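> just to be clear, the model below is a prediction. Sequence and coordinates:
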Number of protein chains: 2
Amino acid sequence: MTDQPAELFKQLTHGVYVIGVGYEGRCNAFTAAWVMQVSFDPLMLALSIHPHHASYKILKEGGVFSVNVLRADQQGLARHFGSPTSTDKLAAVPWHAERTGAPVLDDVPAWFECTFNHECSAGDHRLIVGQVVGGAWLDHSATPMNYRDTGDSSRLYPDGF
Amino acid sequence: MTDQPAELFKQLTHGVYVIGVGYEGRCNAFTAAWVMQVSFDPLMLALSIHPHHASYKILKEGGVFSVNVLRADQQGLARHFGSPTSTDKLAAVPWHAERTGAPVLDDVPAWFECTFNHECSAGDHRLIVGQVVGGAWLDHSATPMNYRDTGDSSRLYPDGF
């Protein structure tokens, strides 16, 4: 009764986001799907991030992060910020700082910014819990990207449980 | 630049699930949207649950939970398991136990079952991190329900940040 995990896990519904971090003039951004709301009062989000990711260190140092919602048609932007490269990915994409200083992309339908609250372990990742301190819904006609509709990620999954 | 949180938070993408818990013959199930994958190795999910929820206690006692994925057309089932009532909601819906004993609904397109690993705080909720020990993808033609397409939840949000 057990399927291949790669296909099974696609039945969970995740969005696709560009997470922005910044600390003392160093900014970075990366594509992530593992983001969700976790609290109403205060309003909080959780983000699961690999601790070896360069942005993890900047997030912890700066204590802030942005969550940029991608539209269904922004797969190019998702790939741009999802590729493992040491170049400055933000140099090629217009962005600005809002209240926290974490980079907010200019061309996204919605964004949130958060202050780091705490973290906890989550297997090979770390769960970052942040308080939402601002945000905007800019494009009321946009459909947010669904992770299920993006490329094949089966290489990341084991063959069975 | 800050919108009403209720509309803004709908730009995050969540699915809709029925979470099943069981301990020593007592079973319960409830509708939840705040579920996501958080780790590849081991395969882990996180679930945000209000600690006053009756199922929270059973989940902690039993140390297991199931995540039943709802189809886009199962809004009636979402409402059934989302209503605050003391009646036995599982009595009206066919279900069975798999490996962990947590209730798995018969008519869902996919399900996971998890063993409790640890929890951490998350504002007014608790974040439960569970290791996925089994699951199945039963209906390959189904579209999972998107929380954004369900009813109005604006009463749960404050008027501003």
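Thanks, I have the structure now. Numbers count the residues shown, from 1 in each chain, chains lettered A, B, ... in the order given.
> any residue of stretch A:130-140 touching chain B?
Yes. Stretch A:130-140 is in contact with chain B by Cβ under 8 Å from any Cβ of the partner chain, via A:Q131, A:V132, A:V133, A:G134, A:G135, A:A136, A:W137. C-beta: built from backbone N, CA, C; applies to glycine.
> report the two of the residues you listed separated the most.
Across these, no pair lies farther apart than A:Q131 and A:W137, at 18.6 Å, counting by Cβ to Cβ.
> which one of those two is surrounded by more residues?
When A:Q131 and A:W137 are compared on other Cβ atoms under 10 Å in any protein chain shown, the one with more neighbours turns out to be A:W137, at 20 against 17.
> list the contacts for that one?
When contacts are counted by Cβ atoms under 8 Å, 6 or more residues apart in numbering or on different chains, A:W137 is found next to A:P109, A:A110, B:D3, B:E7, B:L8, B:Q11.
> got a pLDDT number for the nearest residue to the fourth one once chain neighbours are set aside?
By that I understand B:E7. Spatially, and ignoring its direct neighbours in sequence, B:E7 is nearest to A:W137 (5.6 Å; Cβ to Cβ, 6 or more residues apart in numbering or on different chains). In this model, A:W137 is scored at 96, pLDDT.
> and the one 5 residues further on, by the same measure?
As summarised for this prediction, A:A142 has a pLDDT of 97.
> that one sits in which helix or strand?
With elements delineated by DSSP states H and E, A:A142 resides in a region that no helix or strand encompasses.
> so how far is chain B from it?
Shown here: A:A142 relative to chain B, a distance of 8 Å by Cβ to the nearest Cβ, to the nearest Å.
> A:V67 now?
Taking Cβ to the nearest Cβ as the criterion, A:V67 is separated from chain B by 8 Å.
> now A:L45
Using Cβ to the nearest Cβ, A:L45 is found at 8 Å from chain B.
> name the element that residue belongs to?
Following DSSP H and E, the helix or strand that holds A:L45 is strand A:44-49.
> and that strand, which strands flank it?
According to DSSP bridges, strand A:44-49 has the following sheet partners: strand A:35-39 (antiparallel), strand A:125-137 (antiparallel).
> out of these, which one sits most buried?
Among the strands paired with strand A:44-49, the stretch with the highest mean neighbour count (mean count of other Cβ atoms under 10 Å in any protein chain shown) is strand A:35-39, at a mean of 25.
> what are the contacting residues of it?
So strand A:35-39 is contacted by A:14-15, A:17, A:19, A:43-48, A:67, A:129, B:9, B:12, B:14, B:34-36, B:46, B:48, B:122-125, B:127 (Cβ under 8 Å, 6+ apart).
> now the helices for chain A?
Applying DSSP state H to chain A gives helices spanning A:5-9, A:54-62, A:75-82.
> test my guess that A:H125 contacts A:S48.
Yes. In this structure, A:H125 is within contact of A:S48 by Cβ atoms under 8 Å, at 4.5 Å.
> okay, and the common contacts of the two?
Contact with both A:H125 and A:S48 is made by residues A:W34, B:V38, B:S39, according to Cβ under 8 Å, 6+ apart.
> want to throw these into a markdown table with pLDDT?
Below are the shared contacts of A:H125 and A:S48 laid out as a markdown table (pLDDT from 0 to 100):
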| residue | pLDDT |
| --- | --- |
| A:W34 | 98 |
| B:V38 | 98 |
| B:S39 | 98 |
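> ok, of those, which one's closest to A:T100?
A:W34 (20.7 Å).
> ok, that closest one - contacts?
Under the criterion of Cβ under 8 Å, 6+ apart, the neighbours of A:W34 are A:H14, A:L47, A:S48, A:I49, A:H125, B:M36, B:Q37, B:V38.
> then A:A78?
Contacts for A:A78 (Cβ under 8 Å, 6+ apart) come out as A:V16, A:V18, A:T31, A:L70, A:M145, A:T150.
> among the helices and strands of chain A, which has the poorest mean pLDDT?
None of the helices or strands of chain A scores lower by mean pLDDT, DSSP states H and E than helix A:5-9, at a mean of 92.
> other residues contacting that helix?
A:153-154, A:156-161, B:37, B:43, B:110, B:112, B:132, B:135-137.
> which one among these gets closest to B:A102?
Within these, distances to B:A102 taken as Cβ to Cβ reach their minimum at B:F112, with 9.8 Å.
> surely that closest one touches B:V104?
No. Under the criterion of Cβ under 8 Å, B:F112 lies out of contact with B:V104, with a separation of 9.1 Å.
> so for these two, which sits in the more crowded spot?
In this view B:F112 and B:V104 are compared by other Cβ under 10 Å, and B:F112 has more residues nearby, 30 against 25.
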